[in-house]
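Engineer: below are the sequence and a predicted model for it; my questions follow.
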Amino acid sequence: MIIPQQTDLGRRVVYRPPGAGRRYGVISAIYTRRLFVRFDHQHYSRAVDPAYLEFARRPAEAVPRSHGAPPAR
């Protein structure tokens, strides 16, 4: 379990819910009871319980918001 501060926005985390595998994501918003985390290459964030989160050991990395296609001209 983590107790995030506003300075942890953008920090990489590991989500480990009971009975499931782990997923990596980045903290995008912090509220009283929930955190919003953007997982891997998703375009949206998901509300998660901080009890199932841990800070990742490697530093935060930018999560791409596109599918890698070059911008249209």
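Structural biologist: Nice, thanks for sending it over.

Engineer: pLDDT below threshold where in this structure?
Structural biologist: The model of the chain has pLDDT under 70 over residues 58-73.

Engineer: flag every buried residue along the biggest strand by length in it.
Structural biologist: If each strand of the chain is counted by residues according to DSSP state E, the longest one is strand 23-30. By 16 or more other Cβ atoms under 10 Å, the buried positions in strand 23-30 come out as 23, 25-27. Every C-beta, even on glycine, is put in place using the N, C-alpha and C of the backbone.

Engineer: again, but for stretch 47-57
Structural biologist: With burial defined by 16+ other Cβ under 10 Å, the residues of stretch 47-57 counted as buried are 48, 50, 52-53, 56.

Engineer: of those residues, closest to R33?
Structural biologist: Set against R33, the nearest of the buried residues of stretch 47-57 by Cβ to Cβ is P50 (8.2 Å).

Engineer: hmm, that closest one is touching D8, no?
Structural biologist: No: with contacts counted by Cβ atoms under 8 Å, P50 stays clear of D8, the gap being 10.4 Å.

Engineer: anything in contact with each of the two?
Structural biologist: A shared contact of P50 and D8, defined by Cβ atoms under 8 Å, 6 or more residues apart in numbering, is any residue touching both; here these are I2.

Engineer: ok, L53 - contacts?
Structural biologist: Applying Cβ under 8 Å, 6+ apart to L53 gives the contacts 1-2, 13-16, 35, 37.

Engineer: rewinding a little: how far out from the middle of the chain is the longest strand of the chain?
Structural biologist: In terms of Cα atoms, centre = their mean, to the nearest Å, the centre of strand 23-30 is found 2 Å from the chain centre.

Engineer: re the thing from before, list just the nearest of the buried residues of strand 23-30 to Y44.
Structural biologist: Sorting those by how near they are to Y44, with Cβ to Cβ, puts G25 at the top with 11.2 Å.
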